[in-house]
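Visitor: return a 3D structure for these sequence lines:
(2 chains)
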Amino acid sequence: MSTASSMSACTPQPDLAQTIGRGCGANVCKCYQCKKCSNGCPVAAYADLHPSQIMRAIQLGQVDLALDEKFIWLCTGCQTCTTRCPQGIDVAAVMDELRIIARREDRIPDGAALANVLRLNADSIKRWGRLYEVELVTRSLLGNRKKMKSYVPVGRQMMAKRKIRLLPELGDRAAVKRMVSSSERIAEANPTPLERGRGRGGYSHE
Amino acid sequence: MSKLLAYYPGCSLHGSAEELESSFKATADALEIELKEIPQWSCCGNTAVHSANRLLALALPTHELAKVEQDMQLDAVAIPCAGCFNRFATSNVESQEPEKAGHISDVVGREYNGSVAVHNLVDVYHDDVGLEELKARVTRPFQGLKVACYYGCLLTRPPKATLAGDPEYPTHMEEVAEALGCNPIDWNCKTDCCGSGLALCETAMVIELVHRLLRDARACGAEAIVCACPLCQMNLDTTQREIAKAHPDWEPIPIIYLSQLVGRAIEVEESMLGLKKLIVDARAVMA
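Guide: Okay, here's the model as predicted:
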């Protein structure tokens, strides 16, 4: 969805910042638009919106702008925004929370390939108790001829250097399985309390 | 004096980054750090879990930390993968926050008291071994090899979790490299992002991010880049062929693990360094 069309179709959700706060604890209302997050963001140049604009959209309850933007699916989780925020907002956690909401509401935009990679990654961990790299790479590329082609040079080099373990290793599968189901149950019943103090994530004013 | 640390390899070290495990273990052995692998360890959850299920993302590492604290009765765990280190460091802090501790221990199945220190690859050489001791163990020092020390994101950020003193301009890796006889250069991208797991789906973007930082390292005079993260190493190493296609004058730069650099200087058995597994040939700079 383009930015322009989502703006015209937008129904504001005034408590969006509170919803996000209940999920991840970050208080988006503290953002005063200094744009340090956007300036430090390695992928801002590749998306239509950058982090401080997403923070503003959340404050204004513009759920369509915040969720349907490709940005949240380009975020590498580098933690630069969280580290630099003078208000101590865990900005990277806000992006994670938007991903969680997008997944829950089935609102993953078409171009968001990362969403699929992350899902396959989590599935692999749940299945084996450890990440089975070969499974993740092959399943990510399956069905996408273009991606597969662009990854061939990397895969070829990895194989030539025998950097690929063909068979999966097992972690403590029973423990992982138990933790997956209990965490889902407990998280649903207990939202995260909102952070109140200043500067919990950043360091600029410590 | 020998020192005993719990050891968490993580999935990459048993897969695409075997050379990090073999060189790390060989150097630890030579430097009298005894490593005890956590029995039946599971994945730390990586980015996939923390962007889908917050509580599980904290519980997976806490489950391992509780094993170190209570079953192994050790006070520190060595984690050479920067990604795993970050998830453990985050869980170590957040599992002790009163509003989260109860839910985390409910999921883990027991209480973790937060007594375990989480050490990354740089910490092991810089603090567990110590710079003086490391220097004394160097038998074949580098002759001023110019290296760019690359921390990437997760060794230092966010400082609330990693406890890094200066997350935007760390220097511990440079201090280790200096103790080995290298000449660590100053450059602009040492804590920039390599694109991480997006290499799988946004390949073109990652190649651009990597190219920008490799170019900076070269421009600042580096002959090699030293790193401490399997994902950074893979992105910086595997993309250079594509960079060379787009930029015919590109001169490839070797991407070496810090443990390989240490191993070469203290002369551990060469086969343990796994230099052959690196894609850009590092033999000339490691000779």
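
Visitor: going forward, measure contacts and count neighbours with C-alpha atoms only.
Guide: Noted.

Visitor: all the strands of the stretch 101-250 of chain B, residue numbers only.
Guide: Secondary structure of the stretch 101-250 of chain B (DSSP state E, counting those that start in this stretch): strands located at B:117-120, B:146-150, B:183-184, B:224-227.

Visitor: where does the chain dip in pLDDT?
Guide: Assuming you mean chain A. A:1-10, A:191-206 (pLDDT under 70).

Visitor: chain B was what I was after
Guide: Filtered on pLDDT under 70, chain B yields the residue ranges B:1.

Visitor: run the last query once more with 50
Guide: Residues of chain B meeting the criterion pLDDT under 50: none.

Visitor: for it, which helix is longest?
Guide: Longest helix in chain B, counting residues (DSSP state H): helix B:203-219.

Visitor: hmm, it touching chain A?
Guide: Yes - contact of helix B:203-219 with chain A (Cα under 8 Å from any Cα of the partner chain) involves B:203, B:205, B:209.

Visitor: and chain A, what are its domains?
Guide: A:3-110, A:115-187 (automatic domain parsing).

Visitor: check whether the last one comes near chain B.
Guide: Yes - contact between domain A:115-187 and chain B is present through A:117-119, A:121-122, A:125, A:129-133, A:137, A:140, A:147, A:150-151, A:154, A:157-158, A:161-165, A:170-173, A:176, A:178-180, A:182-184, A:186-187 (criterion: Cα under 8 Å from any Cα).

Visitor: Serialize the domains of chain A to TSV and add fields for mean neighbour count.
Guide: Listed next are the domains of chain A as TSV, based on neighbours: other Cα atoms under 10 Å in any protein chain shown:
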stretch	mean neighbour count
domain A:3-110	20
domain A:115-187	17
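
Visitor: out of those, nearest to residue B:68?
Guide: domain A:115-187 (15.0 Å; Cα to Cα).

Visitor: all helices of the stretch 51-200 of chain B, in order?
Guide: B:54-66, B:82-94, B:98-108, B:121-123, B:131-137, B:159-162, B:172-179 (DSSP state H, counting those that start in this stretch).

Visitor: got the contact list for the second one?
Guide: Read it as helix B:82-94. Helix B:82-94 is contacted by residues B:10, B:44-46, B:57-59, B:61-62, B:65, B:79, B:100-101, B:114, B:116, B:118-121, B:154-155, B:160-162, B:228-230 when judged by Cα atoms under 8 Å, 6 or more residues apart in numbering or on different chains.

Visitor: which helix or strand contains residue A:162?
Guide: Here residue A:162 is covered by no helix or strand, with elements defined by DSSP states H and E.

Visitor: leaving out sequence neighbours, find the closest residue to it.
Guide: With sequence-adjacent residues excluded and distances taken as Cα to Cα, 6 or more residues apart in numbering or on different chains, residue A:162 is closest to residue B:277, at 7.2 Å.

Visitor: again, but for residue A:44
Guide: residue A:50 (5.0 Å).

Visitor: before we move on, back to that, near chain A too, which of the contacts of helix B:82-94?
Guide: Answer for those near chain A (Cα under 8 Å from any Cα): B:45, B:59, B:154, B:160.

Visitor: list the contacts of the third one.
Guide: The one in question is residue B:154. Neighbouring residues of residue B:154 by Cα under 8 Å, 6+ apart: A:78, A:79, B:82, B:83, B:85, B:86.

Visitor: most centrally placed residue in the chain?
Guide: You didn't say which chain, so I picked chain A. The residue lying closest to the centre of chain A (Cα atoms, centre = their mean) is residue A:96, at 3.7 Å.

Visitor: think we crossed wires, I meant chain B
Guide: The residue lying closest to the centre of chain B (Cα atoms, centre = their mean) is residue B:228, at 3.0 Å.

Visitor: if we can go back for a sec, does the residue nearest to the centre of chain A sit in a helix or strand, and which one?
Guide: For residue A:96, the element it lies in under DSSP H and E is helix A:91-104.

Visitor: by contact count, what packs against that helix?
Guide: Contacts defined by 3 or more Cα pairs under 8 Å, 6 or more residues apart in numbering or on different chains; DSSP states H and E place helix A:91-104 against helix A:16-24, helix A:63-68, helix A:80-84.

Visitor: how big is the angle separating it from helix B:54-66?
Guide: Counting by axes from the mean of the first three to the mean of the last three Cα atoms, to 10 degrees, helix A:91-104 points 120 degrees away from the direction of helix B:54-66.

Visitor: starting at the chain centroid, how far to the longest helix of chain B?
Guide: Distance, stretch centre to chain centre, for helix B:203-219: 20 Å (Cα atoms, centre = their mean, to the nearest Å).

Visitor: also stretch B:93-104?
Guide: For stretch B:93-104, the distance to the chain centre is 26 Å (Cα atoms, centre = their mean).

Visitor: could you pull out the buried residues of it?
Guide: The neighbour-count check on stretch B:93-104 (16 or more other Cα atoms under 10 Å in any protein chain shown) flags B:93, B:94, B:95, B:101, B:103, B:104 as buried.

Visitor: up against chain A, what does the stretch 101-250 of chain B have?
Guide: So far as Cα under 8 Å from any Cα goes, the stretch 101-250 of chain B lies against chain A at B:103, B:106-108, B:153-154, B:157-160, B:192-193, B:195-198, B:200-203, B:205, B:209, B:238-239.

Visitor: out of the residues you listed, which end up buried?
Guide: Looks like these have B:103, B:107-108, B:153-154, B:157-160, B:192-193, B:195-198, B:200-203, B:205, B:209, B:238-239 buried, using 16+ other Cα under 10 Å.

Visitor: C-alpha coordinates for stretch A:94-113, PDB please?
Guide: Extracted in PDB, the C-alpha atoms of stretch A:94-113 (Å, rounded to 0.1, in the frame of the first residue of the first chain):
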ATOM      1  CA  VAL A  94       8.400  -0.300  19.200                       C
ATOM      2  CA  MET A  95       9.300  -1.600  15.700                       C
ATOM      3  CA  ASP A  96       9.200  -5.200  17.100                       C
ATOM      4  CA  GLU A  97       5.800  -4.400  18.600                       C
ATOM      5  CA  LEU A  98       4.500  -3.100  15.300                       C
ATOM      6  CA  ARG A  99       5.600  -6.400  13.700                       C
ATOM      7  CA  ILE A 100       3.800  -8.400  16.400                       C
ATOM      8  CA  ILE A 101       0.600  -6.300  15.800                       C
ATOM      9  CA  ALA A 102       0.900  -6.600  12.100                       C
ATOM     10  CA  ARG A 103       1.200 -10.400  12.400                       C
ATOM     11  CA  ARG A 104      -1.700 -10.600  14.800                       C
ATOM     12  CA  GLU A 105      -3.900  -8.600  12.500                       C
ATOM     13  CA  ASP A 106      -2.700 -10.300   9.400                       C
ATOM     14  CA  ARG A 107      -1.500  -7.000   7.900                       C
ATOM     15  CA  ILE A 108       1.900  -7.900   6.400                       C
ATOM     16  CA  PRO A 109       2.500  -5.800   3.300                       C
ATOM     17  CA  ASP A 110       3.300  -7.600   0.000                       C
ATOM     18  CA  GLY A 111       6.900  -6.600  -0.300                       C
ATOM     19  CA  ALA A 112       7.800  -7.600   3.300                       C
ATOM     20  CA  ALA A 113      10.000 -10.600   2.600                       C
END
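
Visitor: format the helices and strands packed on helix A:91-104 as a markdown table; extra columns: distance to residue B:36.
Guide: Below are the helices and strands packed on helix A:91-104 laid out as a markdown table (distance: least, Cα to Cα, whole Å):
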| stretch | distance to residue B:36 |
| --- | --- |
| helix A:16-24 | 35 |
| helix A:63-68 | 45 |
| helix A:80-84 | 33 |
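
Visitor: nearest to chain B, of those helices?
Guide: Checking these against chain B by Cα to the nearest Cα gives helix A:80-84 as the closest, at 5.2 Å.
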